[in-house]
Structures are given as structure tokens and as C-alpha cells.
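> sharing a model that was predicted from the sequence below.
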Amino acid sequence: MAVGEVKAHRMRAQYEAWPYPQVPLLASLPSTHPFELHAAWLWDRCGSGPTPARPRLWIAGCGTFQPYAFAIANPKADIVATDLSETSLALARRRCLWHRQRHVQFAPCDLDDPSTWPAGEFDLIECYGVLMNLSDPLATLRRLRSRLSPRGVLRLMVYPHWSRARVFQLQRVARLLGLTANDRHHPAALRAFVRRLPLEHPLRYGFTTYADSKNDAGVVDGFLHAGDRGFTGHQLGALLQGAGLQPAYWFHRPWAQPDVMAERLGLGDRAQSTVLAYLDLWQELRCNFVVCARRADAPPAEVQPPAPHPLFTGHGHGLRHRLRLERLRWFGGKLPSRTGDERLVLRPAAARALLRGQPAPGVDALQLGATAATARPAHDDFAAEADWLDHAHSLRTGRRAPNPLYAHLFAAFELAERHPELQLPDLEAQMGRWLPWADPLEARPIVFGLTPYATYQRFRRSVQEHLERQDLGVASDYGSVRLRNDAAALTKVRALLADSPQLPRQRHDDATLRELYVLLCTHDDLFVTLT
Ligand SMILES: C[S@@+](CC[C@H](N)C(=O)[O-])C[C@H]1O[C@@H](n2cnc3c(N)ncnc32)[C@H](O)[C@@H]1O
């Protein structure tokens, strides 16, 4: 089998055994909640103008829940939902039927194999949390672009490289412990093991604050995954550009929009990819990369005249939806928003205006006619990024090596110094600017905070001294280094494992034990001390 086939095989096995997400069949979604998934709203945000009366939607890698959410949001669309996992498709189909959504067609499809793709062009393609599972994301993205109608929109979610560091570190711990997606007991075993770590351990914090860690399919999808990865802002920018796509709208909190952040941080006319890479590195993204892109050869972006969101006018919708709107008209309500931090509050007066087909002041998110999102260049290449990432993740072997748990902190401080070509602002000047966005966790007992800002406040001297040191040597793995008090460290981690009866019984070599020691027992230290 070729490498790509092996990966698809492992991926299929995982999602057949653990269809994702794990949501009860009966859980229902109020019909106005997924308003940001409406094709007309997405086209508007991207400057694509009005959609066709009956748009074609493709949810590529749909999992068990998205077809239902898109069907609710787009009652007048033709929707095709595909996935590699037939179990996921069966669950998604059952959910749609149960909730009386009949305008979705389901088909198995391997995104790595174009011969299995549904035919024709689509006005909206949704590919959420799938690309990082594929063997050649760029090739697939190019093909997806070729299936967009000329003004069509592709909504894409990929994991960010730095913001997801804790999840990738936990994946590494799980692999070292012999926990995999192939054993039904392993999600519970990982959960129990992580609970044994100190409360303030960043990996325990990363696990418990991960929304999906409460259910087994979520633990597998996050921490026992058969092969996913993250992208830096630059990598994502290069991917979109290489596929002939132009980012048009980011599904991020207001201050994680590239334009807003570039202005606030004095980043001048840096490209979107640079700003997002920077936000990710500084742990200020607080979500995955979610971008709506158009074909690079799409007609110029346009701003439509203001109009209410089609879901809130009620025209031509079923009785249940009209009853929901009636409730909003009388009592108002709160609507979740993926693009803001807060839920959107819809007051009765605003709901009545929307229902009359009139603009409703104060609820811009529920109206069409938004100005096209970003004027900033899409992508700037960071030619040295591969070396830079290698450096940031390498095992550096001075007497005091940066703790890999905090690799992102060191990387954040080093980036501006090592790569003047990025023209990032002076670090000292930048510090004050970050203050308003600094992580609220800093007030809590997380040893080093998660943000470089917190570290800088407390450990200014040691970080600075480290940055001023000559280049350190690099080791390939933990087998080639010795920790200070090496024997005691290995004994400690052996005892921790022996005291965790839920873990698979296996013999670990010293290199594995050393790495486990660093990941599990050194969270109090910014540096790992070697001999
Ligand atoms: C993290 S889940 C996301 C599911 C859904 N998009 C969501 O956001 O809820 C990843 C999905 O991608 C699917 N997938 C993985 N590799 C695939 C491939 N090569 N072709 C099609 N789907 C794939 C999996 O079966 C799984 O349902």
C-alpha cells in the first residue's frame, strides 16, 4: 500500500469505530441558531452577492452532525453530504430523517480519491476539520476549488499549529503510553491518567478545557487520532494561494480578525497570513483557523444593499420555524455566534423589524449587506519557516534547554529577533500592546500562563538571558541526552506509570521514559536541566 492509502485506511478505521461528533440523536438545534451557515449569509460576507435561488451545497467530510445543521440553516438548498466513514454517514442520515430534514443526499466519498467525488459544481463547499487528515491537502484543495461555481465559497477549518500544541503534546504522551484509537478502553484510560496529573499541569488543563474530552469519540478525535496535524498561518496562506483560492472572511472573534489585529498591534501592511501566524504563536487565536475563501479568479467582491438575513424573514419556511420566529418576535432571544465571543442578543423590537423585512439596528450579524471583509494582502511567504519550526521544536542540549512544554513561548520571543525580514515590531514596544488581550488564565494557577505575555512579565530575565546565549547543540531524541538526576527522574516516571493500572502493560525504554518525564513531571520549570 502507498503511504496515502495507509493513511486513508487508518483514518477510515478510526472514524468507522469512533464516528464524530458524538451527539445524541434527539439533540435538536433551534432553527435560527446556525444562521452563520446559511449560504446567502456566507456569500454576502465574502462579497459574492446574492446566491442562486436553490444553491448547491457539498459538505465534504461531514461527520455525524453537520448535515443536520446545514439542512436547518439552508432549507432551500440541495445538499450533498459525503464522508469516508459509512458509520458516520448512517448516523448523519438517521439524524436528518429523525428531524425531518429530507433535502440532504448522502454518499460515501474519499477526498483523497477524486473518482469517488459527487458530480458537478457547488455554490458552497464545507470542509471542516478534514483537510489535516488527508495525504495531500494541497492537491485536494485544488480539486475542491475546481468544483466551486465562479462566485462559490469554500469554508475550511484546519487546526492551528501553535494554539493546538497542548493537544499534539497529549497525542505524543498517549502514543508513548501505548494508547491508541484501536482499543475501546483507551479513551477512558487516557482520561483517568490525565486526571492524575497536578491540577495546574498545562496538559491536564489542555485536556479538561477541550470541549470534546467529555466523550470517548471526542477523546479519540483529539488525543488518540490516527494522523492529523496543524498549520501555521503562513502554511495555511501558502496552501490557499497554491490552490488558487483567496481568503475572503475569517470566522474568528472580532479581535482575531487579521485587519483588526494588524491595526491594534501596529503590524503595518503585513499580509493576513503573517498576522494570523503571529496571533496563533501568541496564543491569541483561541479557536481553529476557519476561513471562507473564493476562487482567485472570482468576479470582484461586491457589497449588497442591506437586507435581513433570509432565515429571519420567515418567507416560505415550515410551521416549526415560523413558530420559533413568532417566539422571538414576542420574547426576543439569544443566538450563539461563532464569530463573536458573546451570544447575540435579539430583542423583540429587532426581531419584529427583521420579520417585516426591514433592517434592524444593533444586530448587524443578522443582516446582509456587510462590507467585504479584508483589504489586506492575503499571503506573504515566510521562506525560512521550515527551519524556524525545526529550531523551535528541536531538543536543544545546553545545560538548560527550553522545556518543550513551553516551546511556543520561546518561539514567540525568538521570532522577531531571528527573522527581521518579517518586520515584526520591537518586542518591548509590543508587550504593552498585547496587554488588553492577555489571557484571562493568567490570574489562575497555571504555572507559566499560556501566553508569552504572562511569561515575559514573570520571567523577563531568564527568557532574555536565554535568547542572548549562543546557539545550543541539538539532539535527535531523548535517548541521546541525560537529564540532571537522570536515574531519579526515570524512577519517578516509572512509579507514576506503575501506579496507573488503566494503562497498557508494556516495557518502556529509557528514551521513552525520559520524554515522558519531561512532558509529565517538569511543568514547573521553564527550562529542562541536562547534564
Ligand atoms: C474531525 S471529523 C469532522 C467532521 C465534521 N466535518 C464536523 O466538523 O463535525 C473529520 C471527518 O473527516 C472524515 N474524513 C477523514 N478522512 C477523510 C477522507 N480521506 N475523505 C473523506 N472524509 C474523510 C472523517 O470520517 C470524519 O468524519
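Right, received. Where do you want to start? Because the structure is a prediction, the values reported are computed rather than measured.
> CA atoms for contacts and neighbours, from now on please.
Noted.
> where does the stretch 201-350 of the chain get nearest to the ligand, which residue?
The nearest approach of the stretch 201-350 of the chain to the ligand comes at Asp221, 6.2 Å away (CA to the nearest ligand atom).
> quick one: Tyr205 from Arg286, how far?
14 Å (CA to CA, to the nearest Å).
> once you drop chain neighbours, what's closest to the residue of the stretch 201-350 of the chain closest to the ligand?
Excluding the flanking residues, the one nearest Asp221 by CA to CA, 6 or more residues apart in numbering is Tyr20, at 7.3 Å.
> what about stretch 312-324, how long is it end to end?
Chord length of stretch 312-324, first to last residue, is 10 Å (CA to CA).
> what residues of it count as buried?
312-314, 321-322 (16 or more other CA atoms under 10 Å).
> repeat for stretch 141-153
Of the residues in stretch 141-153, those buried (16+ other CA under 10 Å) are 141-142, 144-153.
> ok, stretch 55-75 next?
Across stretch 55-75, burial judged by 16+ other CA under 10 Å covers 55-75.
> filter those residues by proximity to the ligand?
Contacts with the ligand within the buried residues of stretch 55-75, counted by CA under 6 Å from any ligand atom: 61-63, 65-66.
> which bits of the protein sit near the ligand?
For the chain, the residues in contact with the ligand (CA under 6 Å from any ligand atom) are 8, 11, 15, 20-21, 61-63, 65-66, 83-85, 109-112, 128-130, 133-134.
> ok, back up a step: give me the neighbour count for the residue of the stretch 201-350 of the chain closest to the ligand.
Number of residues near Asp221 (other CA atoms under 10 Å) recorded here: 21.
> got the domain boundaries for this structure?
Using automatic domain parsing, the domain parsing of the chain gives 3-160+230-251+287-295, 307-368.
> surely Val345 is within a strand?
Yes: counting by DSSP: H, G, I helix; E, B strand; the rest coil, Val345 is located in a strand.
> ok, and the closest non-adjacent residue to it?
The shortest distance from Val345 to any non-neighbouring residue, by CA to CA, 6+ apart, is to Lys334 (4.6 Å).
> is that neighbour in contact with Pro348, as I believe?
No: taking contacts as CA atoms under 8 Å, Lys334 lies outside contact range of Pro348: 10.9 Å.
> those two: which is more packed in?
A direct count of neighbours by other CA under 10 Å for Lys334 and Pro348 places Pro348 higher, at 17 against 14.
> endpoints of stretch 264-274, how far apart?
With CA to CA, one end of stretch 264-274 sits 14 Å from the other.
> give me the buried positions along it.
By neighbour count on 16+ other CA under 10 Å, the buried set for stretch 264-274 is 265, 267, 270-274.
> closest to His185 out of those?
When the buried residues of stretch 264-274 are compared for distance to His185 (CA to CA), Ser273 comes out closest, at 40.4 Å.
> and the closest one, which of the three is it?
Recorded secondary structure, Ser273: helix (three-state DSSP).
> next up, the contacts around it.
Ser273 makes contact with 233-234, 236-237, 378-380, according to CA atoms under 8 Å, 6 or more residues apart in numbering.
> repeat that for Trp117.
109-111.
> ditto for Pro55
Contacts of Pro55 by CA under 8 Å, 6+ apart are 39, 76-78, 122-124.
> tell me how far the residue nearest to Asp221 lies from Pro336.
Counting by CA to CA - Tyr20 and Pro336 are separated by 21 Å.
> ok, those two, which is more surrounded?
Neighbour count, other CA under 10 Å: between Tyr20 and Pro336, Tyr20 has more, with 24 against 16.
> for Gln506, what are its contacts?
Contacts for Gln506 were tallied using CA under 8 Å, 6+ apart; they are Gly178.
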